[in-house]
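Could you work out the structure for the sequence below:
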Amino acid sequence: MAKVKVITFSEIGEGEVKKVTAEGKDIAVFKLDGQIYATSNTCTHEGCFLDENSEVRGDVIECTCHGSQFDIKTGEVLLAPAIEPLETFKVEVVGEEIMVEV
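Numbering: from 1, shown residues only. Just a heads-up that it's a prediction; the model follows:
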């Protein structure tokens with residue numbers, strides 16, 4: 001596994017989701033209460049892109065295509081129709097740089 005710099009801390013606002021690509025994977029990066037989290041960017045139900053079709057409420061992301069909800073911190077499915085969790089990625093903030101392990 002490699003740690004890859006994806007964006008800087010100031011490039012993402014509180015409660016936002018931002019799509020990045022690392023090692024060929026589309027990743028959704030979130031800032032929640034000043035902490036950074038990363039999941040796969042594709043809803044596991046029907047493949048909608050979370051950076052384009054979602055609402056973030058607290059630590060939950062809802063895919064607005066069909067209503068699936070996921071825990072941003074764990075990837076766990078909180079509300080169907082999705083049944084598979086989101087993939088999560090280990091994140092490290094080094095100074096201003098956000099590094100994701102892929």
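
For the protein, which segments count as strands?
3-8, 17-22, 25-32, 35-40, 54-57, 60-63, 69-71, 77-79, 88-89, 91-94, 97-101 (DSSP state E).

Now do the same contact list for the nearest residue to residue 19 once chain neighbours are set aside.
Leaving aside its chain neighbours, residue 19 sits nearest to residue 51 (3.8 Å; criterion: CB to CB, 6 or more residues apart in numbering). The C-beta positions use only the backbone N, C-alpha and C, and glycine is treated the same way. Neighbour list for residue 51: 17-19, 28, 41 [criterion: CB atoms under 8 Å, 6 or more residues apart in numbering].

For residue 51, give me the backbone phi and psi.
Reported as degrees, to the nearest 10, the phi and psi values for residue 51 are phi -70, psi -20.

one step back: which one of the contacts of residue 51 has the most neighbours?
residue 28 (25 neighbours; other CB atoms under 10 Å).

Not counting residues beside it along the chain, what's closest to that one?
Once flanking residues are discounted, residue 28 sits nearest to residue 41: 4.2 Å by CB to CB, 6+ apart.

Tell me, what's the model's pLDDT at the one you found?
pLDDT for residue 41: 98.

State the distance from it to residue 29.
For residue 41, the distance to residue 29 equals 9 Å [CB to CB, to the nearest Å].

Which neighbours do these two have in common?
Here residue 41 and residue 29 have residue 19 as joint contacts, going by CB under 8 Å, 6+ apart.

And residue 54, how close does it get to residue 68?
Taking CB to CB, one finds residue 54 at 10 Å from residue 68.

which residues are in contact with both of the two?
residue 62.

And those two? Which one has more around it.
residue 68 (25 against 21).

what residues are up against the more buried one?
Residues near residue 68 by CB under 8 Å, 6+ apart: 43-45, 62, 77, 79-82.

now with 10 Å?
Taking CB atoms under 10 Å, 6 or more residues apart in numbering, we find residue 68 in contact with 43-46, 48, 50, 54, 61-62, 77-84, 86.

In contact with the residue lying closest to it once chain neighbours are set aside, which residues are there?
In space, and not counting its chain neighbours, residue 68 is closest to residue 82: 3.6 Å by CB to CB, 6+ apart. Residues near residue 82 by CB under 10 Å, 6+ apart: 43-46, 63, 66-70.
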